[in-house]
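Chemist: please find the sequence and the predicted model below.
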Amino acid sequence: MTHALKLRPFGSSVGVIIPKDVLGSLNVAEGDTVYLTESQDGYRVVAHDPNFAKAMEIYKDVAKKYRNTLRELAK
């Protein structure tokens, strides 16, 4: 499905209005953050932080390495 979005002025910036059905399929609402990511075929709007998965992998490594330290800090 394709949606044509018109660029509109918002103060000193420019924005787009996203249709309700698209917001529903992204599972986001007013006030939520969406991310514009660059892909091989252009740009994509996604509802999740693309860096979150990488951050979680780093956390898992740190948590495994410092398991005892984190357990003591949690007391």
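Modeler: Right, received. Where do you want to start?
Chemist: quick one, strands of the protein?
Modeler: Ranges of strands in the chain, per DSSP state E, are 8-10, 13-15, 35-39, 42-46.
Chemist: pLDDT of the first one, averaged?
Modeler: Just to be clear, that refers to strand 8-10. Strand 8-10 carries an average pLDDT of 94.
Chemist: same deal with stretch 65-75?
Modeler: Mean per-residue pLDDT for stretch 65-75: 88.
Chemist: what's near enough to touch Leu70?
Modeler: Ala63 (CB atoms under 8 Å, 6 or more residues apart in numbering). For glycine as for every other residue, the C-beta is placed from the backbone atoms N, C-alpha and C.
Chemist: report the helix or strand with the lowest average pLDDT across this structure.
Modeler: helix 52-65 (a mean of 86; mean pLDDT, DSSP states H and E).
Chemist: that one packs against which elements?
Modeler: With contacts defined as 3 or more CB pairs under 8 Å, 6 or more residues apart in numbering; DSSP states H and E, helix 52-65 has no helix or strand neighbours.
Chemist: just give me how far that helix sits from the chain centre.
Modeler: 18 Å (CA atoms, centre = their mean, to the nearest Å).
Chemist: can you dump the C-alpha coordinates of that helix into PDB?
Modeler: The C-alpha trace of helix 52-65 is given here as PDB (Å, rounded to 0.1, in the frame of the first residue of the first chain):
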ATOM      1  CA  PHE A  52      18.200  -1.100  20.500                       C
ATOM      2  CA  ALA A  53      19.100  -4.600  19.400                       C
ATOM      3  CA  LYS A  54      22.800  -3.700  19.200                       C
ATOM      4  CA  ALA A  55      22.600  -2.200  22.700                       C
ATOM      5  CA  MET A  56      20.900  -5.300  24.100                       C
ATOM      6  CA  GLU A  57      23.700  -7.500  22.600                       C
ATOM      7  CA  ILE A  58      26.300  -5.300  24.300                       C
ATOM      8  CA  TYR A  59      24.300  -5.500  27.600                       C
ATOM      9  CA  LYS A  60      24.100  -9.300  27.400                       C
ATOM     10  CA  ASP A  61      27.900  -9.500  27.100                       C
ATOM     11  CA  VAL A  62      28.500  -7.100  30.000                       C
ATOM     12  CA  ALA A  63      25.900  -8.800  32.100                       C
ATOM     13  CA  LYS A  64      27.400 -12.200  31.600                       C
ATOM     14  CA  LYS A  65      31.000 -11.000  32.200                       C
END
